[in-house]
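Engineer: Return atomic coordinates for the entry below.
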Amino acid sequence: MAWAAALLLAFSQTAGAALPDRTPSGGAMPSLAPMIESVSPAVVNIAVEAQVRQAQNPLMQDPFFRRFFDLPEQAPTRRAVAAGSGVIVDADNGYVLTNAHVVRNADKIEVTLTDGRELSAELVGQDQEVDLAVLKLESADDLTQVTLADSSLMRVGDFVVAIGNPFGLGQTVTSGIVSALGRTGLGIEGYENFIQTDASINPGNSGGALVNLQGELVGINTAILAPAGGNVGIGFAIPTSMAENVMTQLIEHGEVRRGMLGVTVQDLTDELAEALNVEARKGVVITNVVGDSAAAKAGLKAGDVVQAVDGVPVNRASDLRNKVGLSPVGEKIELNILRDGKERQVTAVITESGEKASAGNAISQYLEGADLRNLREGELSHADKGVLVEKVERNSAAWRAGLRRGDVIINANRKDIANMSELQSAVTDKKAALLLRVNRDGGIFFVVVR
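Structural biologist: Residues are numbered from 1 along each chain as shown. All right, here's what the predicted structure looks like:
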């Protein structure tokens with residue numbers, strides 16, 4: 001066995017010595033180092049302090065129970081510290097782009113640059129629907145910004161590099177390829193059009209940069225698919241084609257002013273195509289048009305098949321939703337539709353989405369994390385009254401109970417409700433739980449929120 005070990009050692013030494021450090025012509029071996037050295041100063045570490053709501057024991061909320069056992073009152077919130085990443089997108093003005101969930105409920109935001117400088121930052125604006133936020137660095141100079149690429153030019157198989165702050169370890173670089181484009185239906189955010197990559201993305205990478213081999217930003221790292229809680233080679237980034245529009249509105253207005261077309265749609269299936277007498281097999285079918293909406297004024301009708309918007313193909317309902325939701329109010333869009341098997345072109349002017357949603361915790365602590373508003377007349381084909389859940393923050397009380405975006409609350413604590421006012425009257429925080437009856441795409445079920 002000794003001779004085998006000696007042979008293995010000799011082979012290892014020979015193999016190691018044989019690894020080339022130069023090309024056959026004498027040049028240096030290819031390396032990502034020059035690109036990474038130029039772009040890494042634009043990627044920052046973000047530390048956040050926030051007050052977060054902690055789960056309450058119903059017994060601890062009873063003053064007689066606490067007095068009987070001489071127990072102190074349970075604090076409703078606790079202080080939490082979190083870490084993430086961000087990307088400097090405007091060096092002159094000190095703007096940093098990151099994920100909204102990185103800075104959610106932040107009381108204090110500290111940004112650390114690659115040169116060791118620690119700077120305070122203030123929140124300019126955030127959009128939970130896309131999970132993006134813009135920060136402004138205070139007293140910042142000599143910054144490096146990243147160049148934004150046109151992510152619509154990306155192809156599956158393109159090499160990409162992820163830069164971020166995983167697990168708070170400090171700046172870390174990983175590489176991989178674009179595994180897929182236009183990923184939707186993941187239930188991660190309200191508007192989804194993700195770049196999927198196998199470059200390692202771990203907790204703490206959120207808000208970091210996904211760049212191409214030219215060092216240009218193609219996406220903001222935002223999530224991983226990790227059944228076991230770690231990286232399994234499936235990560236997602238928000239493409240710059242989506243992020244740039246949101247970033248501009250956050251800087252200009254402090255919020256995203258979403259437009260509305262005024263339709264409900266579903267994906268086109270082979271059976272629907274045959275029934276509607278259309279040869280196309282891709283597109284979305286309009287199932288309902290809201291009265292006096294942009295769609296109604298443009299002449300759109302139920303049964304129309306939308307195939308493209310502004311020349312860009314619409315293959316799924318999410319494609320149309322992304323286009324409309326990210327279009328500025330007042331913008332004209334051209335829709336290519338099929339009606340009775342004939343091609344038509346329709347022009348619609350995007351209108352403001354109307355009533356603003358209210359935070360659920362203004363009604364009840366049990367609805368923390370949900371944004372609610374009255375259901376508009378004709379807005380949904382499967383519900384004509386109730387309170388619409390416009391969005392739900394991941395891991396909030398409402399999320400953990402099972403509420404999701406698009407749900408319609410029709411009953412609370414066994415009382416039918418038609419609007420926000422009736423929901424407010426039906427809800428009380430004195431009970432240990434809130435019983436809701438919910439309409440989701442026509443299916444009715446109960447949800448218990450604690």
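
Engineer: Return the residues in contact with Phe159.
Structural biologist: Phe159 makes contact with 175-177, 212-213, according to Cβ atoms under 8 Å, 6 or more residues apart in numbering. For glycine as for every other residue, the C-beta is placed from the backbone atoms N, C-alpha and C.

Engineer: ok, 7 Å please
Structural biologist: Each residue near Phe159 by Cβ atoms under 7 Å, 6 or more residues apart in numbering is listed here: 175, 177, 213.

Engineer: and if you look at Gly86?
Structural biologist: Applying Cβ under 7 Å, 6+ apart to Gly86 gives the contacts 44, 46, 96-98, 111, 135, 207.

Engineer: what about 8 Å?
Structural biologist: 43-46, 96-98, 102, 111, 135, 207-208.

Engineer: neighbouring strands for the helix or strand hosting it, and are they parallel or not?
Structural biologist: Here Gly86 sits within strand 77-90, counting by DSSP states H and E. Paired strands of strand 77-90, with direction, are strand 43-53 (antiparallel), strand 95-98 (antiparallel) (DSSP bridges).

Engineer: what about the longest one, distance to the chain center?
Structural biologist: On the basis of Cα atoms, centre = their mean, to the nearest Å, strand 43-53 sits 18 Å off its chain's mean C-alpha point.

Engineer: which parts of it are buried?
Structural biologist: 43-48, 50, 53 (16 or more other Cβ atoms under 10 Å).

Engineer: So for it, mean pLDDT?
Structural biologist: Taken as a whole, strand 43-53 has a mean pLDDT of 81.

Engineer: what does the last one give?
Structural biologist: Confidence for strand 95-98, expressed as mean pLDDT, is 96.

Engineer: Which residues does that strand contact?
Structural biologist: Contacts of strand 95-98 (Cβ under 8 Å, 6+ apart): 44, 46, 84-89, 111, 121, 124, 132-137, 206-207, 220, 243, 247, 251.

Engineer: Let's see that with 6 Å instead.
Structural biologist: The contact list for strand 95-98 (Cβ atoms under 6 Å, 6 or more residues apart in numbering) reads 86-89, 133-136, 207, 247.

Engineer: Specify which member of the buried residues of strand 43-53 is nearest to Val312.
Structural biologist: Val43 (30.3 Å; Cβ to Cβ).

Engineer: Across the sheet, point out what pairs with the closest one.
Structural biologist: With DSSP bridges as the rule, Val43 is bridged to Val87.

Engineer: quick one, what contacts it?
Structural biologist: Residues counted as contacts of Val43 (Cβ under 6 Å, 6+ apart) are 87, 163, 208-209.

Engineer: which among those end up buried?
Structural biologist: For those, buried by 16+ other Cβ under 10 Å: 87, 163, 208-209.

Engineer: Greatest separation within these: which pair is it?
Structural biologist: Those two in the buried ones among the contacts of Val43 that are separated most widely, counting by Cβ to Cβ, are Val87 and Ile163, at 8.5 Å.

Engineer: and of the contacts of Gly86, the nearest to Val427?
Structural biologist: Of the contacts of Gly86, the one sitting nearest to Val427 (Cβ to Cβ) turns out to be Val102, at 31.0 Å.

Engineer: Now for that closest one: which residues touch it?
Structural biologist: Counted by Cβ under 6 Å, 6+ apart, Val102 has contacts 46, 84, 206-207.

Engineer: Now the helix or strand harbouring Ile36 - C-alpha only, PDB.
Structural biologist: Using DSSP H and E, Ile36 maps to helix 33-39. What follows is helix 33-39, C-alpha atoms only, in PDB (Å, rounded to 0.1, in the frame of the first residue of the first chain):
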ATOM      1  CA  ALA A  33     -10.900  39.400 -12.500                       C
ATOM      2  CA  PRO A  34     -10.600  42.600 -14.500                       C
ATOM      3  CA  MET A  35     -14.300  42.900 -15.000                       C
ATOM      4  CA  ILE A  36     -15.100  42.100 -11.400                       C
ATOM      5  CA  GLU A  37     -12.500  44.600 -10.200                       C
ATOM      6  CA  SER A  38     -14.200  47.300 -12.200                       C
ATOM      7  CA  VAL A  39     -17.800  46.600 -11.200                       C
END
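
Engineer: distance between it and the chain's centre?
Structural biologist: Relative to its chain's centre, helix 33-39 lies at 28 Å (Cα atoms, centre = their mean).

Engineer: can you list the domains in this structure?
Structural biologist: 37-137, 151-253, 259-352, 358-449 (automatic domain parsing).

Engineer: What lies in contact with stretch 335-343?
Structural biologist: 277-278, 304-309, 344-346.

Engineer: buried sites along stretch 105-117?
Structural biologist: Buried, per 16+ other Cβ under 10 Å, within stretch 105-117: 106, 109, 111-113.

Engineer: next one: stretch 336-351
Structural biologist: For stretch 336-351, by 16+ other Cβ under 10 Å, it's 336-339, 346, 348, 350-351.

Engineer: Using pLDDT, spot the least trustworthy of those.
Structural biologist: Note: of the buried residues of stretch 336-351, the lowest pLDDT belongs to Thr351, at 85.

Engineer: Could you list which residues are in contact with that residue?
Structural biologist: 260, 294.

Engineer: pLDDT averaged over stretch 178-195, what's the number?
Structural biologist: Mean predicted confidence for stretch 178-195 is 81.

Engineer: so how far is the first residue of that stretch from its last?
Structural biologist: 7 Å (Cα to Cα, to the nearest Å).

Engineer: Pull the residues that contact that stretch.
Structural biologist: For stretch 178-195, contacts defined as Cβ under 6 Å, 6+ apart pick out 129-131, 154, 156, 158, 160, 196-198, 219, 223, 236-237, 239, 242, 318, 322, 325, 391, 405.

Engineer: now those residues: which count as buried?
Structural biologist: 129-131, 154, 160, 196-198, 219, 223, 236-237, 239, 242, 318, 322, 325, 391.
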